[in-house]
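*Asks:* here is my input; please provide its structure:
(one chain, ligands or ions: 1)
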Amino acid sequence: MAEIHLKTLAHSYSANPQSDTEYAIREMDHVWDQGGAYALLGPSGCGKSTLLNIISGLLSPSEGEVLFDGQRVNELSPAERNIAQVFQFPVIYDSMTVFDNLAFPLRNMKVRESKVQKKVLEIAEILELQDVLKNKAKNLTADEKQKVSMGRGLVRDDVSAILFDEPLTVIDPHLKWKLRRKLKQIHEQFNLTMVYVTHDQLEAATFADKIALMYGGQIVQFGTPRELFEKPNHTFVGYFIGSPGMNFIEVKRSESGVEFDGLKVSLDEGLQDFLEQIPSSNLKIGIRPEFVHVSVESITGSYECAVTHVEDLGTYKIVTLDLKGRSLKARLDEDQQVPEHKAYVSFPKQWLKLYVDEYLVEGDSE
Ligand SMILES: Nc1ncnc2c1ncn2[C@@H]1O[C@H](COP(=O)(O)OP(=O)(O)OP(=O)(O)O)[C@@H](O)[C@H]1O
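*Replies:* Okay, the predicted model is just below:
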(Lines give C-alpha, C1' and ligand atoms only; values in the text may rest on other atoms or scores of the structure.)
Protein backbone atom coordinates (compact mmCIF):
# COMPACT_ATOMS: atom_id res chain seq x y z
CA MET A 1 0.00 0.00 0.00
CA ALA A 2 1.17 3.46 -0.70
CA GLU A 3 0.66 7.12 -0.06
CA ILE A 4 -0.05 8.75 -3.41
CA HIS A 5 1.13 12.30 -3.90
CA LEU A 6 0.12 14.28 -6.98
CA LYS A 7 2.73 17.02 -7.09
CA THR A 8 2.11 20.19 -9.10
CA LEU A 9 0.22 17.94 -11.45
CA ALA A 10 -1.58 19.17 -14.57
CA HIS A 11 -2.76 17.56 -17.76
CA SER A 12 -3.78 18.83 -21.15
CA TYR A 13 -4.79 16.58 -24.03
CA SER A 14 -3.55 19.23 -26.48
CA ALA A 15 0.15 19.44 -27.31
CA ASN A 16 0.41 23.21 -26.86
CA PRO A 17 -2.24 24.37 -24.42
CA GLN A 18 -2.76 28.13 -24.62
CA SER A 19 -5.16 28.68 -21.74
CA ASP A 20 -6.62 27.07 -18.59
CA THR A 21 -9.63 25.86 -20.56
CA GLU A 22 -7.38 23.50 -22.51
CA TYR A 23 -6.42 21.62 -19.35
CA ALA A 24 -8.42 18.54 -18.32
CA ILE A 25 -6.55 18.72 -14.99
CA ARG A 26 -5.57 22.19 -13.81
CA GLU A 27 -2.49 22.42 -11.62
CA MET A 28 -3.05 20.66 -8.32
CA ASP A 29 -1.17 19.30 -5.34
CA HIS A 30 -2.94 16.49 -3.59
CA VAL A 31 -2.14 13.61 -1.23
CA TRP A 32 -4.10 10.36 -0.85
CA ASP A 33 -2.99 8.87 2.45
CA GLN A 34 -2.08 5.21 2.63
CA GLY A 35 -5.07 3.11 3.71
CA GLY A 36 -7.72 5.76 3.06
CA ALA A 37 -11.11 5.14 1.42
CA TYR A 38 -11.66 8.05 -0.92
CA ALA A 39 -14.27 9.09 -3.43
CA LEU A 40 -13.47 11.24 -6.42
CA LEU A 41 -16.78 12.93 -7.10
CA GLY A 42 -17.86 15.40 -9.76
CA PRO A 43 -20.05 16.01 -12.80
CA SER A 44 -19.40 14.52 -16.21
CA GLY A 45 -16.30 15.93 -17.87
CA CYS A 46 -14.70 17.42 -14.75
CA GLY A 47 -11.59 15.24 -15.11
CA LYS A 48 -12.21 12.27 -12.80
CA SER A 49 -11.20 9.52 -15.23
CA THR A 50 -8.24 11.54 -16.45
CA LEU A 51 -6.97 11.86 -12.88
CA LEU A 52 -7.55 8.17 -12.16
CA ASN A 53 -5.71 7.13 -15.32
CA ILE A 54 -2.79 9.37 -14.37
CA ILE A 55 -2.57 7.67 -10.97
CA SER A 56 -2.73 4.18 -12.46
CA GLY A 57 -0.23 4.98 -15.22
CA LEU A 58 -2.59 4.49 -18.17
CA LEU A 59 -1.97 8.16 -18.94
CA SER A 60 1.20 10.19 -18.56
CA PRO A 61 0.60 13.68 -17.12
CA SER A 62 1.80 16.57 -19.26
CA GLU A 63 3.08 18.40 -16.17
CA GLY A 64 4.10 17.49 -12.63
CA GLU A 65 4.81 14.28 -10.80
CA VAL A 66 3.07 11.25 -9.36
CA LEU A 67 4.83 9.98 -6.24
CA PHE A 68 4.16 6.67 -4.49
CA ASP A 69 5.60 6.81 -0.96
CA GLY A 70 7.78 9.68 -2.11
CA GLN A 71 9.15 7.88 -5.20
CA ARG A 72 8.44 9.27 -8.67
CA VAL A 73 6.47 6.75 -10.73
CA ASN A 74 5.73 8.84 -13.86
CA GLU A 75 7.79 6.53 -16.02
CA LEU A 76 6.35 3.28 -14.62
CA SER A 77 3.59 1.26 -16.31
CA PRO A 78 0.39 0.32 -14.42
CA ALA A 79 1.82 -3.16 -13.78
CA GLU A 80 5.05 -1.75 -12.40
CA ARG A 81 3.07 0.58 -10.13
CA ASN A 82 1.11 -2.37 -8.74
CA ILE A 83 -2.15 -0.60 -9.19
CA ALA A 84 -5.39 -2.52 -9.58
CA GLN A 85 -8.07 -0.72 -11.54
CA VAL A 86 -11.73 -1.71 -11.78
CA PHE A 87 -13.57 -0.13 -14.69
CA GLN A 88 -17.21 0.68 -15.42
CA PHE A 89 -17.51 -2.48 -17.49
CA PRO A 90 -16.08 -5.73 -16.14
CA VAL A 91 -12.72 -6.74 -17.57
CA ILE A 92 -12.66 -10.52 -17.39
CA TYR A 93 -11.82 -13.48 -19.59
CA ASP A 94 -15.15 -14.97 -20.71
CA SER A 95 -13.73 -18.34 -21.71
CA MET A 96 -12.04 -18.95 -18.33
CA THR A 97 -13.75 -20.14 -15.17
CA VAL A 98 -14.35 -17.70 -12.34
CA PHE A 99 -11.59 -19.41 -10.38
CA ASP A 100 -9.07 -19.00 -13.20
CA ASN A 101 -10.07 -15.37 -13.66
CA LEU A 102 -9.40 -14.65 -10.01
CA ALA A 103 -6.19 -16.66 -10.07
CA PHE A 104 -4.91 -14.96 -13.23
CA PRO A 105 -3.06 -11.98 -11.66
CA LEU A 106 -1.35 -14.29 -9.15
CA ARG A 107 -0.37 -16.95 -11.68
CA ASN A 108 0.96 -14.17 -13.86
CA MET A 109 3.29 -13.22 -11.01
CA LYS A 110 4.32 -16.89 -10.63
CA VAL A 111 2.83 -17.15 -7.16
CA ARG A 112 2.92 -20.69 -5.68
CA GLU A 113 -0.21 -22.67 -6.63
CA SER A 114 -1.03 -23.48 -2.98
CA LYS A 115 -1.05 -19.75 -2.20
CA VAL A 116 -3.12 -19.05 -5.33
CA GLN A 117 -5.75 -21.56 -4.12
CA LYS A 118 -5.85 -20.06 -0.64
CA LYS A 119 -6.08 -16.47 -1.81
CA VAL A 120 -8.71 -17.11 -4.49
CA LEU A 121 -10.93 -18.97 -2.01
CA GLU A 122 -10.54 -16.18 0.53
CA ILE A 123 -11.58 -13.47 -1.94
CA ALA A 124 -14.37 -15.62 -3.44
CA GLU A 125 -15.82 -16.00 0.02
CA ILE A 126 -15.77 -12.28 0.73
CA LEU A 127 -17.41 -11.52 -2.61
CA GLU A 128 -19.82 -14.45 -2.29
CA LEU A 129 -18.58 -16.10 -5.46
CA GLN A 130 -17.89 -19.56 -3.95
CA ASP A 131 -20.83 -21.19 -5.72
CA VAL A 132 -19.82 -20.04 -9.20
CA LEU A 133 -16.06 -20.67 -9.02
CA LYS A 134 -16.24 -23.52 -11.52
CA ASN A 135 -18.58 -21.70 -13.93
CA LYS A 136 -17.35 -20.11 -17.15
CA ALA A 137 -17.28 -16.33 -16.70
CA LYS A 138 -19.34 -15.73 -19.82
CA ASN A 139 -22.41 -17.28 -18.13
CA LEU A 140 -22.36 -14.91 -15.17
CA THR A 141 -24.80 -12.06 -14.51
CA ALA A 142 -23.54 -8.48 -14.89
CA ASP A 143 -23.05 -7.99 -11.17
CA GLU A 144 -21.26 -11.33 -10.77
CA LYS A 145 -18.93 -10.34 -13.61
CA GLN A 146 -18.19 -7.04 -11.89
CA LYS A 147 -17.50 -8.87 -8.63
CA VAL A 148 -14.98 -11.06 -10.48
CA SER A 149 -13.43 -7.90 -11.90
CA MET A 150 -13.09 -6.48 -8.39
CA GLY A 151 -11.82 -9.80 -7.10
CA ARG A 152 -8.98 -9.74 -9.62
CA GLY A 153 -7.82 -6.51 -8.02
CA LEU A 154 -8.20 -7.83 -4.52
CA VAL A 155 -6.36 -11.15 -4.77
CA ARG A 156 -2.98 -9.47 -4.87
CA ASP A 157 -1.30 -8.64 -1.56
CA ASP A 158 1.12 -6.24 -3.17
CA VAL A 159 -1.19 -3.63 -4.70
CA SER A 160 -0.33 0.00 -3.96
CA ALA A 161 -3.95 1.03 -4.39
CA ILE A 162 -7.21 -0.05 -5.95
CA LEU A 163 -8.87 2.45 -8.23
CA PHE A 164 -12.54 2.13 -9.09
CA ASP A 165 -13.96 3.99 -12.09
CA GLU A 166 -17.75 4.05 -11.65
CA PRO A 167 -17.73 0.29 -11.00
CA LEU A 168 -21.41 -0.03 -10.13
CA THR A 169 -22.88 1.61 -13.25
CA VAL A 170 -23.87 -1.73 -14.78
CA ILE A 171 -25.18 -3.18 -11.53
CA ASP A 172 -28.87 -3.49 -10.64
CA PRO A 173 -29.93 -0.71 -8.24
CA HIS A 174 -30.86 -3.10 -5.42
CA LEU A 175 -27.51 -4.89 -5.69
CA LYS A 176 -25.53 -1.65 -5.75
CA TRP A 177 -26.09 -1.08 -2.08
CA LYS A 178 -24.93 -4.60 -1.24
CA LEU A 179 -21.75 -4.29 -3.30
CA ARG A 180 -20.94 -0.90 -1.85
CA ARG A 181 -21.19 -2.40 1.65
CA LYS A 182 -18.93 -5.20 0.49
CA LEU A 183 -16.30 -2.76 -0.73
CA LYS A 184 -16.41 -0.90 2.56
CA GLN A 185 -15.98 -4.18 4.41
CA ILE A 186 -13.03 -5.12 2.19
CA HIS A 187 -11.46 -1.74 2.86
CA GLU A 188 -11.76 -2.20 6.60
CA GLN A 189 -10.45 -5.76 6.46
CA PHE A 190 -7.42 -5.16 4.23
CA ASN A 191 -6.47 -1.55 4.99
CA LEU A 192 -6.21 -0.77 1.27
CA THR A 193 -5.87 2.66 -0.30
CA MET A 194 -8.99 2.94 -2.41
CA VAL A 195 -10.05 5.73 -4.76
CA TYR A 196 -13.58 5.41 -6.03
CA VAL A 197 -14.75 7.56 -8.94
CA THR A 198 -18.42 8.44 -9.14
CA HIS A 199 -20.76 11.25 -10.08
CA ASP A 200 -23.28 10.12 -7.46
CA GLN A 201 -22.97 11.93 -4.13
CA LEU A 202 -24.82 9.22 -2.23
CA GLU A 203 -22.48 6.57 -3.55
CA ALA A 204 -19.50 8.76 -2.59
CA ALA A 205 -20.80 9.44 0.90
CA THR A 206 -21.59 5.81 1.70
CA PHE A 207 -18.25 4.52 0.47
CA ALA A 208 -15.69 7.14 1.40
CA ASP A 209 -14.22 8.55 4.57
CA LYS A 210 -13.22 11.59 2.55
CA ILE A 211 -14.51 12.97 -0.72
CA ALA A 212 -12.48 14.92 -3.27
CA LEU A 213 -15.00 17.00 -5.17
CA MET A 214 -13.81 17.91 -8.66
CA TYR A 215 -14.98 20.77 -10.80
CA GLY A 216 -13.38 22.09 -13.98
CA GLY A 217 -10.22 20.01 -13.65
CA GLN A 218 -9.58 20.88 -10.02
CA ILE A 219 -10.29 19.38 -6.63
CA VAL A 220 -12.36 22.21 -5.15
CA GLN A 221 -12.84 20.56 -1.77
CA PHE A 222 -11.38 17.56 0.01
CA GLY A 223 -13.19 16.61 3.19
CA THR A 224 -15.61 14.35 4.98
CA PRO A 225 -19.15 14.12 3.60
CA ARG A 226 -20.25 16.20 6.58
CA GLU A 227 -17.68 18.94 5.93
CA LEU A 228 -18.81 19.19 2.31
CA PHE A 229 -22.40 19.51 3.46
CA GLU A 230 -21.95 21.90 6.36
CA LYS A 231 -19.11 24.05 5.07
CA PRO A 232 -18.94 24.02 1.28
CA ASN A 233 -15.84 26.04 0.46
CA HIS A 234 -16.99 26.91 -3.07
CA THR A 235 -20.44 27.73 -4.47
CA PHE A 236 -20.11 24.71 -6.76
CA VAL A 237 -19.79 22.40 -3.73
CA GLY A 238 -22.93 24.02 -2.33
CA TYR A 239 -24.86 23.42 -5.55
CA PHE A 240 -23.57 19.91 -6.18
CA ILE A 241 -23.84 18.41 -2.69
CA GLY A 242 -27.28 18.12 -1.11
CA SER A 243 -30.68 17.62 -2.61
CA PRO A 244 -31.76 20.23 -3.37
CA GLY A 245 -28.47 22.13 -3.32
CA MET A 246 -27.60 25.23 -1.31
CA ASN A 247 -29.52 28.47 -1.78
CA PHE A 248 -27.40 31.36 -3.02
CA ILE A 249 -28.39 35.02 -3.21
CA GLU A 250 -26.29 37.73 -4.83
CA VAL A 251 -25.77 40.56 -2.38
CA LYS A 252 -24.12 43.99 -1.99
CA ARG A 253 -22.25 45.42 0.97
CA SER A 254 -24.25 47.38 3.53
CA GLU A 255 -23.41 49.05 6.85
CA SER A 256 -23.79 46.06 9.15
CA GLY A 257 -23.56 43.25 6.66
CA VAL A 258 -24.95 42.76 3.18
CA GLU A 259 -28.21 43.53 1.44
CA PHE A 260 -30.29 42.61 -1.57
CA ASP A 261 -33.30 44.51 -2.87
CA GLY A 262 -33.38 46.65 0.26
CA LEU A 263 -33.37 43.64 2.62
CA LYS A 264 -30.51 43.79 5.08
CA VAL A 265 -28.75 40.65 6.25
CA SER A 266 -26.45 41.05 9.20
CA LEU A 267 -23.17 39.15 9.33
CA ASP A 268 -20.73 38.16 12.07
CA GLU A 269 -18.36 40.98 13.02
CA GLY A 270 -15.35 39.03 11.74
CA LEU A 271 -16.94 38.68 8.32
CA GLN A 272 -17.94 42.32 8.32
CA ASP A 273 -14.32 43.40 8.96
CA PHE A 274 -13.14 41.06 6.23
CA LEU A 275 -15.63 42.45 3.72
CA GLU A 276 -14.39 45.99 4.25
CA GLN A 277 -10.90 45.01 3.16
CA ILE A 278 -11.65 43.28 -0.11
CA PRO A 279 -12.52 45.00 -3.37
CA SER A 280 -14.57 42.29 -5.12
CA SER A 281 -18.23 42.93 -5.81
CA ASN A 282 -18.98 39.27 -6.57
CA LEU A 283 -20.65 38.52 -3.23
CA LYS A 284 -23.17 35.83 -2.39
CA ILE A 285 -24.77 34.53 0.73
CA GLY A 286 -25.48 30.83 0.90
CA ILE A 287 -27.65 28.72 3.16
CA ARG A 288 -28.74 25.11 2.89
CA PRO A 289 -32.50 24.36 2.62
CA GLU A 290 -32.12 22.27 5.80
CA PHE A 291 -30.98 25.34 7.75
CA VAL A 292 -33.47 27.96 6.53
CA HIS A 293 -35.80 28.67 9.43
CA VAL A 294 -39.43 28.80 8.29
CA SER A 295 -42.39 29.94 10.38
CA VAL A 296 -46.00 30.82 9.69
CA GLU A 297 -45.77 33.96 11.85
CA SER A 298 -43.41 36.88 11.70
CA ILE A 299 -40.53 36.72 14.19
CA THR A 300 -37.68 39.16 14.85
CA GLY A 301 -35.30 39.29 11.93
CA SER A 302 -37.50 37.23 9.61
CA TYR A 303 -38.37 38.07 6.01
CA GLU A 304 -41.80 37.65 4.52
CA CYS A 305 -42.04 35.48 1.41
CA ALA A 306 -44.64 33.83 -0.77
CA VAL A 307 -44.98 30.05 -0.87
CA THR A 308 -44.86 29.00 -4.50
CA HIS A 309 -44.61 25.22 -4.26
CA VAL A 310 -44.65 22.42 -1.71
CA GLU A 311 -43.18 19.08 -2.60
CA ASP A 312 -44.10 16.22 -0.30
CA LEU A 313 -41.29 13.69 -0.08
CA GLY A 314 -42.79 11.43 2.57
CA THR A 315 -40.80 12.06 5.71
CA TYR A 316 -40.12 15.73 4.82
CA LYS A 317 -41.28 18.47 2.50
CA ILE A 318 -39.36 20.86 0.26
CA VAL A 319 -40.98 24.28 0.15
CA THR A 320 -40.15 26.71 -2.62
CA LEU A 321 -40.42 30.33 -1.52
CA ASP A 322 -40.29 33.63 -3.34
CA LEU A 323 -38.23 36.19 -1.45
CA LYS A 324 -38.26 39.51 -3.34
CA GLY A 325 -38.19 37.68 -6.64
CA ARG A 326 -35.47 35.21 -5.51
CA SER A 327 -36.34 31.57 -5.33
CA LEU A 328 -35.42 29.92 -2.06
CA LYS A 329 -35.83 26.29 -0.98
CA ALA A 330 -36.43 25.16 2.58
CA ARG A 331 -36.81 21.72 4.05
CA LEU A 332 -39.58 21.12 6.53
CA ASP A 333 -39.61 18.06 8.74
CA GLU A 334 -42.77 16.00 9.19
CA ASP A 335 -43.78 17.68 12.43
CA GLN A 336 -43.38 21.26 11.13
CA GLN A 337 -46.39 23.33 10.17
CA VAL A 338 -46.55 23.91 6.42
CA PRO A 339 -47.28 27.54 5.51
CA GLU A 340 -50.00 27.92 2.88
CA HIS A 341 -49.48 31.18 0.97
CA LYS A 342 -47.19 33.27 3.09
CA ALA A 343 -44.17 32.31 5.21
CA TYR A 344 -41.47 34.02 7.25
CA VAL A 345 -37.91 32.91 6.86
CA SER A 346 -34.79 33.67 8.82
CA PHE A 347 -31.19 32.59 8.42
CA PRO A 348 -29.44 31.32 11.57
CA LYS A 349 -26.03 33.02 11.60
CA GLN A 350 -23.98 29.87 12.10
CA TRP A 351 -25.40 28.39 8.89
CA LEU A 352 -25.32 31.54 6.80
CA LYS A 353 -22.19 31.47 4.65
CA LEU A 354 -20.56 34.27 2.70
CA TYR A 355 -18.91 33.66 -0.68
CA VAL A 356 -16.56 36.11 -2.35
CA ASP A 357 -15.66 35.33 -5.96
CA GLU A 358 -17.41 31.96 -5.41
CA TYR A 359 -15.13 30.97 -2.49
CA LEU A 360 -16.23 30.68 1.13
CA VAL A 361 -14.85 33.34 3.45
CA GLU A 362 -14.83 32.94 7.18
CA GLY A 363 -14.53 35.56 9.90
CA ASP A 364 -11.89 35.31 12.65
CA SER A 365 -14.56 34.40 15.17
CA GLU A 366 -15.27 31.05 13.49
N1 LIG B 1 -8.59 11.17 -24.93
C2 LIG B 1 -9.00 12.42 -24.83
N3 LIG B 1 -8.64 13.35 -25.74
C4 LIG B 1 -9.05 14.62 -25.64
N5 LIG B 1 -9.81 15.11 -24.63
C6 LIG B 1 -10.20 14.24 -23.69
C7 LIG B 1 -9.82 12.85 -23.73
N8 LIG B 1 -10.37 12.23 -22.67
C9 LIG B 1 -11.05 13.17 -21.98
N10 LIG B 1 -10.95 14.38 -22.58
C11 LIG B 1 -11.53 15.65 -22.12
O12 LIG B 1 -10.99 15.92 -20.81
C13 LIG B 1 -11.99 16.43 -19.94
C14 LIG B 1 -12.11 15.53 -18.72
O15 LIG B 1 -12.62 14.28 -19.14
P16 LIG B 1 -12.75 13.02 -18.16
O17 LIG B 1 -13.21 11.85 -18.97
O18 LIG B 1 -11.52 12.87 -17.37
O19 LIG B 1 -13.95 13.51 -17.21
P20 LIG B 1 -14.86 12.67 -16.23
O21 LIG B 1 -15.07 13.54 -15.05
O22 LIG B 1 -14.26 11.33 -15.98
O23 LIG B 1 -16.20 12.53 -17.06
P24 LIG B 1 -17.25 11.30 -17.10
O25 LIG B 1 -17.88 11.23 -15.75
O26 LIG B 1 -18.21 11.73 -18.17
O27 LIG B 1 -16.47 10.07 -17.46
C28 LIG B 1 -13.27 16.53 -20.76
O29 LIG B 1 -13.38 17.84 -21.26
C30 LIG B 1 -13.04 15.55 -21.90
O31 LIG B 1 -13.75 15.93 -23.07
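*Asks:* could you list the low-pLDDT ranges of the protein?
*Replies:* 1, 364-366 (pLDDT under 70).
*Asks:* per-domain residue ranges of it.
*Replies:* Following automatic domain parsing, one finds the domains of the chain at 4-238, 243-361.
*Asks:* Leu163 against Ala84, yeah?
*Replies:* Yes: using Cβ atoms under 8 Å, Leu163 is in contact with Ala84, at 7.2 Å. All C-beta spots, glycine's among them, are computed from the backbone N, C-alpha and C.
*Asks:* these two: which is more packed in?
*Replies:* More crowded of Leu163 and Ala84, by other Cβ atoms under 10 Å: Leu163, with 28 against 24.
*Asks:* run the chain-centre distance for the longest helix anywhere in the chain.
*Replies:* Longest helix in the chain, counting residues (DSSP state H): helix 173-190. Relative to the centre of its chain, helix 173-190 is centred 17 Å away, using Cα atoms, centre = their mean, to the nearest Å.
*Asks:* residue ranges of the helices in the stretch 251-366 of the chain, please?
*Replies:* 269-277 (DSSP state H, counting those that start in this stretch).
*Asks:* spell out which parts of the stretch 151-300 of the chain neighbour the ligand.
*Replies:* For the stretch 151-300 of the chain, the residues in contact with the ligand (Cβ under 6 Å from any ligand atom) are His199.
*Asks:* can you name the residue of the stretch 151-300 of the chain nearest to the ligand?
*Replies:* The ligand sits closest to His199 of the stretch 151-300 of the chain, with a gap of 5.3 Å, by Cβ to the nearest ligand atom.
*Asks:* now for that residue: which residues touch it?
*Replies:* Leu41, Gly42, Pro43, Ser44, Lys48, Glu166 (Cβ atoms under 8 Å, 6 or more residues apart in numbering).
*Asks:* would TSV of the residues you listed with neighbour count and distance to Trp177 be doable?
*Replies:* Output for these, formatted as TSV (neighbours: other Cβ atoms under 10 Å; distance: Cβ to Cβ, whole Å):
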residue	neighbour count	distance to Trp177
Leu41	29	18
Gly42	27	22
Pro43	14	23
Ser44	7	23
Lys48	24	22
Glu166	19	16
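*Asks:* so what's the residue count around Val292?
*Replies:* Applying other Cβ under 10 Å, we find 23 residues neighbouring Val292.
*Asks:* on that earlier part again, can you tell me which of the domains of the chain is packed in deepest?
*Replies:* Of all the domains of the chain, domain 4-238 has the most neighbours on average by mean count of other Cβ atoms under 10 Å, namely a mean of 18.
*Asks:* just list the residues touching the closest residue to Thr8 other than its chain neighbours, thanks.
*Replies:* Closest residue to Thr8 apart from its sequence neighbours, by Cβ to Cβ, 6 or more residues apart in numbering: Gly64 at 4.3 Å. If a contact means Cβ under 8 Å, 6+ apart, then Gly64 has Leu6, Lys7, Thr8, Leu9, Ala10, Glu27 as its contacts.
*Asks:* need the three-state assignment for the second one.
*Replies:* Spelled out, that is Lys7. strand (DSSP: H, G, I helix; E, B strand; the rest coil).
*Asks:* wait, it sits on Glu63?
*Replies:* No: counting by Cβ under 8 Å, Lys7 does not reach Glu63; the two are 10.1 Å apart.
*Asks:* wait, Asp273 sits on Val361?
*Replies:* No: with contact defined as Cβ under 8 Å, Asp273 does not count as touching Val361 (11.0 Å).
*Asks:* and the contacts of His199, which two are the farthest apart?
*Replies:* With Cβ to Cβ as the measure, no two of the contacts of His199 lie farther apart than Pro43 and Glu166, at 12.7 Å.
*Asks:* quickly find the element holding Ala39.
*Replies:* Following DSSP states H and E, one finds Ala39 within strand 37-41.
*Asks:* ok, is the helix or strand that that strand is followed by in contact with the ligand or not?
*Replies:* Later in the chain than strand 37-41, the nearest helix or strand by DSSP H and E is helix 48-56. Yes: for helix 48-56, a contact with the ligand is found by Cβ under 6 Å from any ligand atom, at Lys48, Ser49, Thr50.
*Asks:* what pairs with the helix or strand harbouring Ala84, and is each one parallel or antiparallel?
*Replies:* Using DSSP H and E, Ala84 maps to strand 83-86. When pairing is defined by DSSP bridges, strand 83-86 lines up against strand 161-165 (parallel).
*Asks:* correct me, but Leu271 touches Leu354?
*Replies:* Yes: using Cβ under 8 Å, Leu271 makes contact with Leu354 at a distance of 5.4 Å.
*Asks:* overlap of the contact sets of these two?
*Replies:* Val361.
*Asks:* so what's Glu311 bridging to?
*Replies:* Going by DSSP bridges, Glu311 forms beta bridges with Ile318.
*Asks:* ok, the closest residue to Val294 other than its chain neighbours to the ligand distance?
*Replies:* Distances taken as Cβ to Cβ, 6+ apart place Ala330 nearest to Val294, at 4.8 Å, with adjacent residues excluded. Computed as Cβ to the nearest ligand atom, to the nearest Å, the Ala330 to the ligand distance reads 31 Å.
*Asks:* tell me the contacts of Ala330?
*Replies:* Taking Cβ under 8 Å, 6+ apart, we find Ala330 in contact with Pro289, Val292, Val294, Ile318, Val319, Leu321, Val345.
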